[in-house]
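Enquirer: starting from these lines, generate the structure:
(2 chains)
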Amino acid sequence: AQRVTQPEKLLSVFKGAPVELKCNYSYSGSPELFWYVQYSRQRLQLLLRHISRESIKGFTADLNKGETSFHLKKPFAQEEDSAMYYCALKWGAQKLVFGQGTRLTINP
Amino acid sequence: NAGVTQTPKFRILKIGQSMTLQCTQDMNHNYMYWYRQDPGMGLKLIYYSVGAGITDKGEVPNGYNVSRSTTEDFPLRLELAAPSQTSVYFCASTSGLAGGEETQYFGPGTRLLVL
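Expert: Numbers count the residues shown, from 1 in each chain, chains lettered A, B, ... in the order given. This next block holds a predicted model:
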């Protein structure tokens, strides 16, 4: 069965420090992975998807099929990056399975 | 263009009561979804729909029902509410078109407390 694991529920780093939010997946098919973000008092929204290989707000994520990972990285954290981050795997009829989420806090 | 809207924002139910959570999208999306999010957990799919008149179960459908009579609306019905259904409920939609954008757009959520 498909599964997404985010091992860190909480992650706290200082402003300007590098950030890495971990995501591992289990899926027998060809994976399509996404990172969604929820800022305080806002709705869940797409941050980036592995297919487009884009960088959004300084964040990047590379799909590593050998390690079944899709870690989210940013070289220099900013205070506005504080949010809840969810890794998600697409399967079936455009369905998503989500990880448990990581609450990222950027300290000034 | 309001996107995905949900009502109510918050509701308290007594055990055994029933209610309908409303979800509407104005993006002409074919696919719609209902998720629940329990504290400290990720979102779990309850039901989904690939078009008007078509619905299917997700990961945690027990205790819920849905209908999809129009493209815009996808209500979630709770019959005989139980404390285990205390959660935050999110509705989402996506176009579902081949080659189209795959982003799921989410509503603001409905917080439900069953006492």
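Enquirer: quick one: stretch B:63-78 near chain A?
Expert: No. Using C-beta under 8 Å from any C-beta of the partner chain, we find that stretch B:63-78 stays clear of chain A, coming within 13.6 Å at best. C-betas here are computed from N, CA, C, even on glycine.
Enquirer: what's the straight distance from one end of that stretch to the other?
Expert: From its first residue to its last, stretch B:63-78 covers 6 Å (C-alpha to C-alpha, to the nearest Å).
Enquirer: buried set for that stretch?
Expert: Taking 16 or more other C-beta atoms under 10 Å in any protein chain shown as the basis for neighbour counts, the residues of stretch B:63-78 that come out buried are B:Tyr64, B:Val66, B:Ser67, B:Arg68, B:Thr71, B:Glu72, B:Phe74, B:Pro75, B:Leu76, B:Leu78.
Enquirer: farthest-apart pair in the residues you listed, please.
Expert: The largest distance within these, taken as C-beta to C-beta, falls between B:Thr71 and B:Leu78 and amounts to 23.1 Å.
Enquirer: mind checking how far the lengthiest strand in chain A is from the chain centre?
Expert: Looking across chain A with DSSP state E, the single longest strand is strand A:83-91. In terms of C-alpha atoms, centre = their mean, to the nearest Å, the centre of strand A:83-91 is set 6 Å apart from its chain centre.
Enquirer: ok, it: who's next to it in the sheet?
Expert: Each strand paired with strand A:83-91, and its direction, by DSSP bridges: strand A:32-38 (antiparallel), strand A:95-98 (antiparallel), strand A:102-107 (antiparallel).
Enquirer: make CSV from those and add mean neighbour count, mean pLDDT and distance to A:His50 to it.
Expert: Below are the strands paired with strand A:83-91 laid out as CSV (neighbours: other C-beta atoms under 10 Å in any protein chain shown; pLDDT from 0 to 100; distance: least, C-beta to C-beta, whole Å):
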stretch, mean neighbour count, mean pLDDT, distance to A:His50
strand A:32-38, 22, 93, 5
strand A:95-98, 22, 92, 13
strand A:102-107, 17, 96, 17
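Enquirer: closest to B:Gln104 out of the ones you listed?
Expert: With C-beta to C-beta, the closest approach to B:Gln104 among those belongs to strand A:95-98: 6.3 Å.
Enquirer: so for the longest strand of chain A, what gets flagged as buried?
Expert: Within strand A:83-91, the residues that qualify as buried by neighbour count (16+ other C-beta under 10 Å) are A:Ala83, A:Tyr85, A:Tyr86, A:Cys87, A:Ala88, A:Leu89, A:Lys90, A:Trp91.
Enquirer: can you add pLDDT and give the residues you listed back as TSV?
Expert: Below are the buried residues of strand A:83-91 laid out as TSV (pLDDT from 0 to 100):
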residue	pLDDT
A:Ala83	96
A:Tyr85	97
A:Tyr86	96
A:Cys87	97
A:Ala88	95
A:Leu89	94
A:Lys90	90
A:Trp91	84
